[in-house]
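Novice: Sequence below, structure please.
(2 chains)
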Number of protein chains: 2
Amino acid sequence: MHIAIPLYPRFTALDVAGPYTVMAFAPDTTVTLVAAERGPVTDDQGTLTMIATASYADLPDPDVIIVPGGLGTFDALGDEALVAWIREADRHTRWTTSVCSGALLLGAAGLLEGAKATTHWALLDNLKQYGAEPVSERSVAHGKIVTAAGVSAGIDMALTLLAQAAGEVTAQAVQLAIEYAPEPPFGCGSPETAPEGMVERAINLLV
Amino acid sequence: MHIAIPLYPRFTALDVAGPYTVMAFAPDTTVTLVAAERGPVTDDQGTLTMIATASYADLPDPDVIIVPGGLGTFDALGDEALVAWIREADRHTRWTTSVCSGALLLGAAGLLEGAKATTHWALLDNLKQYGAEPVSERSVAHGKIVTAAGVSAGIDMALTLLAQAAGEVTAQAVQLAIEYAPEPPFGCGSPETAPEGMVERAINLLV
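Specialist: Residues are numbered from 1 along each chain as shown, chains lettered A, B, ... in the order given. Below is the predicted model of the structure:
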């Protein structure tokens, strides 16, 4: 199974590396980081650069695409090459997926019309402009369109997809290999459980 | 607060990007990826390359170091420049930390003598050769030496350290910003909860 993750300026590093690590540790899978041109792309904090080893033209037909989010997503919505690659890749994929604000890029590619979908909690309403029905869940599958909630949710989504692609035993082995038995120090990972005023503080970190 | 994450050949991407994203999203923090020389370093799956933007010589005295693990750790134990940088950096740090097999590198630097410490579940016994007392917990603080369990545990450790460095409110805001309300699809993230035979399957993914 060949998985492609497109990089664009100001992506969020964990949106990429979470699902990447899940998928790349599995047997019989290859993950390729792609971009308009091969070469370095820097994240939304300006301090982590990953290298795309293929251009969009090099990899038009992966089995799965995972579109990350990031503070650069809004700029990326106007990136015709990226949006066109997503739209074209979707014609060939088994799954077309996103993490966090990456869902908006699926929307810009016209892939969310009539679909239930999710994204970062702060952006759920933004899905409506693409004809999607926002759903507040960790990940949402609508046919082959699978969208995950914010940043860290890509890990959960990737394990779920891996279970479908390679079987539950393989996905469980990967979960154990990456020792994914999370113990978040606080119970505030979603707006529903966060203390008063925390949503505003979190949004301030995202603009 | 200046945090340095050393990259060495065949590191695990999530070991880096998990704590990186937590720390880099926090206000008043800077995270720098360092290596023997500035430039690209490729992960243990051979398909994700990050760029070190500083050499060890450029950054001898960060406030915090986070040493990642990876399938390349055992080779890295013989990397004198890396081990010497860890040892020297520790003279200046507020915290000297590791994720996964990165703990063995702290051990090689002589920093685990008499310390309680943890690492990936498959490697707990390996800590003893460095004079450490292995502890099976998500993360373990022994003075300023803080070690996390396998791969994904770096996220939990980083949030815990951030709470101490910048206050619980800031750490909670970051946890909400990255929507860290994990929903692992399986209950098998640690050997204690994994089905029979799963440990062997996971180990097969790690060699």
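Novice: Show me the strands in chain A, by range?
Specialist: A:2-6, A:30-35, A:39-42, A:49-52, A:54-55, A:64-67, A:95-98, A:116-117, A:133-134, A:139-142, A:145-148 (DSSP state E).
Novice: of all these, which lies closest to chain B?
Specialist: Nearest to chain B among the strands of chain A is strand A:49-52 (4.2 Å), distances taken as CB to the nearest CB. C-beta: built from backbone N, CA, C; applies to glycine.
Novice: tell me the mean pLDDT for the closest one?
Specialist: For strand A:49-52, the mean pLDDT works out to 98.
Novice: distance of A:Gly114 from A:Lys128?
Specialist: To A:Lys128, A:Gly114 is 12 Å away according to CB to CB, to the nearest Å.
Novice: next one: A:Asp43
Specialist: Distance from A:Asp43 to A:Lys128, by CB to CB: 28 Å.
Novice: One more: A:Thr96?
Specialist: Going from A:Thr96 to A:Lys128 by CB to CB gives 19 Å.
Novice: The two: which is more packed in?
Specialist: A:Thr96 (24 against 12; other CB atoms under 10 Å in any protein chain shown).
Novice: Enumerate the positions of stretch A:23-38 that are buried.
Specialist: Within stretch A:23-38, the residues that count as buried by 16 or more other CB atoms under 10 Å in any protein chain shown are A:23-26, A:29-36.
Novice: Closest to the centroid, which residue in chain A?
Specialist: In chain A, the centroid-proximal residue (CA atoms, centre = their mean) is A:Val99; its distance is 2.3 Å.
Novice: Roughly how far does it sit from chain B?
Specialist: 10 Å (CB to the nearest CB, to the nearest Å).
Novice: repeat for A:Met1
Specialist: Separation of A:Met1 from chain B (CB to the nearest CB) stands at 13 Å.
Novice: ranges for the helices of chain A?
Specialist: A:13-25, A:73-76, A:80-90, A:102-108, A:153-166, A:168-177, A:198-204 (DSSP state H).
Novice: when you scan the shortest one, is anything in it near chain B?
Specialist: This points to helix A:73-76. No. If you take CB under 8 Å from any CB of the partner chain as the test, helix A:73-76 misses chain B, and the best it gets is 14.4 Å.
Novice: Residues contacting that helix, please?
Specialist: A:8-10, A:70, A:82, A:100-102, A:104-105 (CB atoms under 8 Å, 6 or more residues apart in numbering or on different chains).
Novice: Also the last one?
Specialist: Helix A:198-204 has contacts (CB under 8 Å, 6+ apart) with A:122, A:188, A:191, A:194, B:169-170, B:172-174, B:176-177.
Novice: let's go with 6 Å and repeat that
Specialist: A:122, A:188, A:191, B:172-173, B:176-177 (CB atoms under 6 Å, 6 or more residues apart in numbering or on different chains).
Novice: Give me the buried entries from these.
Specialist: With burial judged by 16+ other CB under 10 Å, the buried subset of the contacts of helix A:198-204 is A:122, A:188, A:191, B:172-173, B:176-177.
Novice: so which of those would you say is closest to A:Ala148?
Specialist: Ranked by distance to A:Ala148 (CB to CB), these are led by A:Ala122 at 14.4 Å.
Novice: Buried residues, stretch A:157-165. List them.
Specialist: A:157-163, A:165.
Novice: So A:Leu33 sits against A:Ser55, correct?
Specialist: No. At 10.9 Å, A:Leu33 does not count as touching A:Ser55 under the criterion of CB atoms under 6 Å.
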